[in-house]
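> quick one, fold the following:
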Amino acid sequence: MMRDLARTIVLLMLLAVGTPAHAADTIRLAVQKTGTFSWELATIRQAGLDKEADLSLEVTELASPEAGKIALRAGNADIMLSDWLWVSRERALGAKLTFYPYSSALGAVMVPASSPIKTLADLKGRKLGVGGGPIDKSWLLLQARMKQDGIDLKSDATIVYGAPPLIAAKALDGEMDASLNFWNFCAQLEAKGFRRLAGIEEILPKLGAKGAVSAVGYVFDESWAASHRDAVARFIAMTRKAKQLLVTSDAAWDKIAPLTGTADPAMLKTYRDRYRDGIPRRSINDEEADARVLYRVLAEIGGHDLVGPAAEVDPGTFYHAVPGD
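All right, here's what the predicted structure looks like:
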């Protein structure tokens, strides 16, 4: 009997040694080094959410969103951040990418605290800096909203285009009357005492949207998602937990503060508050319905250069295969 027991123990030990350890699913991420995705990933790692989700995250840091698009197209990354407008355009051109909401944080029109500009109509005759260029989506949406009131900002105001950091710097130097910029640069100005004249999210209802629409999302190839459905579901659930931590825990923000590039408590608070405001809370169906409405607005203003050959949001642009969406 003892010999039988010894044999059993030895056999179990051999089986344990011979059985390979379970490997976590690997997801390759293309991440802009200075972007907010790095904040979320730092929170995931510090809280051990990647291990909890049984995922191995391989991160490639890139200098720009365009570099991420190249990595995704070349098959060197599985997921990156971009907008649904680009995804729809790529689908119309044959690349079957798909989009899952990451953030609805949008830019705003900012003015100095003492500015006499009180409404958007007061931008007539003023110098307006625009971060992101002539087909920036926030700029196109602002133009569409003002045209409803009979104001053509392109001709009724002096428009200066530039990279977002440059526009923010020139706004601080007083070189323009107002600026329209990405949300994180608006947060910097807000922390310096500037006033939000209007957030782009505030004008969306006038353009037909029924709620906040995520401008940026996780983008991946739909065939890759189909063959990694469970890993994608775990990735999305993991990112939701990270966002919930960043909503409920100021301590979580303290841990990622060095990544924000500032030690100014006022600016950190503004970053935190605006980031939290932008966390998606709507169903995918509702997001997609509003995106279809805004797509038509953007297509009318931005034309073929912006949307490509598609007259509508391409079917499949929004990823739906996650329970609870």
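> W224 versus the residue nearest to D250 when sequence neighbours are not counted, what's the distance?
Of all residues not flanking D250 in the chain, R272 sits nearest, at 7.4 Å (CB to CB, 6 or more residues apart in numbering). For glycine as for every other residue, the C-beta is placed from the backbone atoms N, C-alpha and C. Using CB to CB, to the nearest Å, R272 is found at 33 Å from W224.
> now do I279
Distance from I279 to W224, by CB to CB: 25 Å.
> any regions of the stretch 51-200 of the chain where pLDDT drops low?
Residue ranges of the stretch 51-200 of the chain with pLDDT under 70: none are present.
> show me where it has its strands.
55-62, 80-82, 97-103, 108-111, 127-131, 158-162, 178-181, 195-199 (DSSP state E, counting those that start in this stretch).
> list the buried ones in the longest one?
Of the residues in strand 55-62, 55, 57, 59, 62 count as buried by neighbour count, 16 or more other CB atoms under 10 Å.
> before we move on, what about the fifth one?
For strand 127-131, burial by neighbour count (16+ other CB under 10 Å) applies to 128-131.
> run a quick neighbour tally on A47.
Neighbours of A47 under the rule other CB atoms under 10 Å: 17.
> per-residue pLDDT, it?
Note for A47: predicted pLDDT of 96.
> check contacts around it.
Shown in contact with A47 (CB atoms under 8 Å, 6 or more residues apart in numbering): 241-242, 245, 252.
> I'd assumed K96 was in contact with V219.
No: if you go by CB atoms under 8 Å, V219 and K96 don't touch, sitting 11.4 Å apart.
> the more surrounded of the two?
Using other CB under 10 Å as the criterion, V219 and K96 rank with V219 on top: 27 against 15.
> measure the more buried one to A77 for me?
10 Å.
> same check on A215?
Plainly put, A215 is 20 Å away from A77 if you go by CB to CB.
> same check on G316?
G316 is 20 Å from A77, by CB to CB.
> out of the two, which sits in the more crowded spot?
Using other CB under 10 Å as the criterion, G316 and A77 rank with A77 on top: 25 against 15.
> show me what contacts that one?
Contacts of A77 (CB under 8 Å, 6+ apart): 28-30, 60, 68, 71.
> one more time with 10 Å, if that's ok
Applying CB atoms under 10 Å, 6 or more residues apart in numbering, we find A77 in contact with 27-31, 58-60, 62, 67-71, 219-221.
> contact partners for Y271?
So Y271 contacts 36, 39, 183-184, 187-188, 190-191, 253, 256-257, 260-262, 264 (CB under 10 Å, 6+ apart).
> coming back round to it: what residues are shared contacts of V219 and A77?
30, 68-69.
> which members of those residues occur in helices, if any?
Counting by DSSP state H, the shared contacts of V219 and A77 place 68-69 in helices.
> include neighbour count and distance to E300 when you put the shared contacts of V219 and A77 into JSON lines, please.
Output for these, formatted as JSON lines (neighbours: other CB atoms under 10 Å; distance: CB to CB, whole Å):
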{"residue": "A30", "neighbour count": "25", "distance to E300": "32"}
{"residue": "G68", "neighbour count": "25", "distance to E300": "28"}
{"residue": "K69", "neighbour count": "19", "distance to E300": "25"}
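> ok, so of the shared contacts of V219 and A77, who is nearest E312?
Taking CB to CB as the measure, E312 lies nearest K69 of the shared contacts of V219 and A77, at 22.1 Å.
> hmm, that closest one is touching R89, no?
No: judged on CB atoms under 10 Å, K69 makes no contact with R89 at a distance of 11.2 Å.
> what do these two both touch?
L97.
> what's the span of stretch 60-74 from first residue to last?
14 Å (CA to CA, to the nearest Å).
> give me the contacts around it.
By CB under 10 Å, 6+ apart, stretch 60-74 touches 28-35, 37-38, 76-83, 86, 90, 95, 97, 216, 219-221, 224.
> do that again at 8 Å, thanks
With contact meaning CB under 8 Å, 6+ apart, stretch 60-74 is reached by 28-33, 35, 38, 76-82, 86, 95, 97, 219-221.
> can you check stretch 201-217 too?
By CB under 8 Å, 6+ apart, stretch 201-217 touches 81-84, 87, 99-106, 137, 141-142, 144-145, 148, 278, 280-282, 286-287, 289-291, 293-294, 297.
> are any of these buried, and if so which?
81-84, 87, 99-106, 137, 141-142, 144-145, 278, 280, 282, 286-287, 289-291, 293-294, 297.
> ok, what's across the strand from L180?
V109, V130 (DSSP bridges).
> distance of it relative to E58?
36 Å.
> could you give the mean pLDDT of the helix or strand hosting K255?
Taking DSSP states H and E as the criterion, K255 maps to helix 250-256. Throughout helix 250-256, pLDDT has a mean value of 93.
> quick one, strands of the stretch 201-325 of the chain?
216-221.
> can you list the weak-confidence ranges in it?
Short version for the stretch 201-325 of the chain, where the test is pLDDT under 70: 322-324.
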